[in-house]
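Asker: sequence plus the predicted model coming up.
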Amino acid sequence: NGGTVSIESPFPYSAEARGLLTELGIEPAKFEEKYDDSKVYKGLKSAYFFDKETFGTDRLVIGGPAPFGKQGTVSWSDFLAKTPLSETVQKDIAHLQEVKVDYLPGISSDEKKEKLSRMSYKDFLLKLVKVNPGVIPFYQTRTHGLFGVGIDGVSALDCWGLRFPGFQGMGIAPGPYRRMGFTAMGEATPEKEPYHFHFDRAGSRKGAHP
């Protein structure tokens, strides 16, 4: 879409930027409502593919559990039982996803953010959560789509802002913090700007290209 659907990163827009959006006829709040059309995805399901090179066998597992705190059609334990992962790895993933634990007890929210900003999400999982190393391949590529690198190259603080598992019991206050990426900052902001922005018709305004 060449930037005519979403603008990175809405945190927060200055008066000048807001003025440009208004001049272009972009109404973020209205488009956010219009964009969320569940009919587009009717009948589609999520799936996880486990490749032979990483997991020892090629296996496609249809469906998946809901994120923490949301209703899903299958539990993490039931989902993981269909995967080629070992029982130990399955238990660690289910615990990470479903249980609330404070892995940095006794310090303030800002102190937690500071520590998380100085370690990768991979190190968070291995050194603080202490998961079995076999857990890492399951999450390793989760950051590829946004960052272009694996969880060894993305800070645990950014992953907290993006609602990765493991932080749900840590009592970290919502809000941005230094050294966070702009996208993670936006996601961590309680009243964030809408993510989707669109012209009245893609390409109908001067300078807009599909």
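Answerer: Received it, and whenever you're ready, just let me know what you need. Numbering: from 1, shown residues only.
Asker: send me the host helix or strand of residue 186 as PDB with only the CA atoms.
Answerer: Assigning secondary structure by DSSP states H and E places residue 186 in helix 182-188. C-alpha atoms of helix 182-188 as PDB (Å, rounded to 0.1, in the frame of the first residue of the first chain):
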ATOM      1  CA  PHE A 182       8.600   4.400  18.200                       C
ATOM      2  CA  THR A 183       6.200   1.600  17.400                       C
ATOM      3  CA  ALA A 184       6.600   0.100  20.900                       C
ATOM      4  CA  MET A 185       6.200   3.500  22.400                       C
ATOM      5  CA  GLY A 186       3.000   4.000  20.600                       C
ATOM      6  CA  GLU A 187       1.700   0.600  21.700                       C
ATOM      7  CA  ALA A 188       2.700   1.300  25.300                       C
END
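Asker: isn't residue 45 up against residue 74?
Answerer: No. Taking Cβ atoms under 8 Å as the definition, residue 45 is not a contact partner of residue 74, at 11.1 Å. Yep, even glycine has a C-beta here, placed from its N, CA and C like the rest.
Asker: what is the neighbour count of residue 97?
Answerer: The number of residues packed around residue 97, counting by other Cβ atoms under 10 Å, is 19.
Asker: quickly find the element holding it.
Answerer: Element membership of residue 97, judged by DSSP H and E, is helix 87-98.
Asker: mind listing what's buried in that helix?
Answerer: For helix 87-98, the neighbour count (16 or more other Cβ atoms under 10 Å) marks 89-97 as buried.
Asker: likewise for stretch 132-144?
Answerer: Quick answer for stretch 132-144 (16+ other Cβ under 10 Å): 132, 135-136, 138-140, 142-143.
Asker: how near is the residue nearest the centre of the chain to residue 103?
Answerer: Residue closest to the average C-alpha location in the chain (Cα atoms, centre = their mean): residue 162, at 3.9 Å. Here residue 162 is placed at a distance of 17 Å from residue 103 (Cβ to Cβ, to the nearest Å).
Asker: so what sits against both of residue 45 and residue 74?
Answerer: Common neighbours of residue 45 and residue 74, using Cβ atoms under 8 Å, 6 or more residues apart in numbering, are residue 63.
Asker: identify all contacting residues around stretch 141-154.
Answerer: The contact list for stretch 141-154, computed with Cβ under 8 Å, 6+ apart, reads 120-123, 125, 136, 139-140, 159, 162, 164, 181, 183.
Asker: distance to residue 52 added to the residues you listed, as a markdown table?
Answerer: Listed next are the contacts of stretch 141-154 as a markdown table, based on distance: Cβ to Cβ, whole Å:
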| residue | distance to residue 52 |
| --- | --- |
| 120 | 26 |
| 121 | 25 |
| 122 | 23 |
| 123 | 27 |
| 125 | 24 |
| 136 | 18 |
| 139 | 19 |
| 140 | 16 |
| 159 | 27 |
| 162 | 29 |
| 164 | 26 |
| 181 | 33 |
| 183 | 32 |
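Asker: understood, closing this out.
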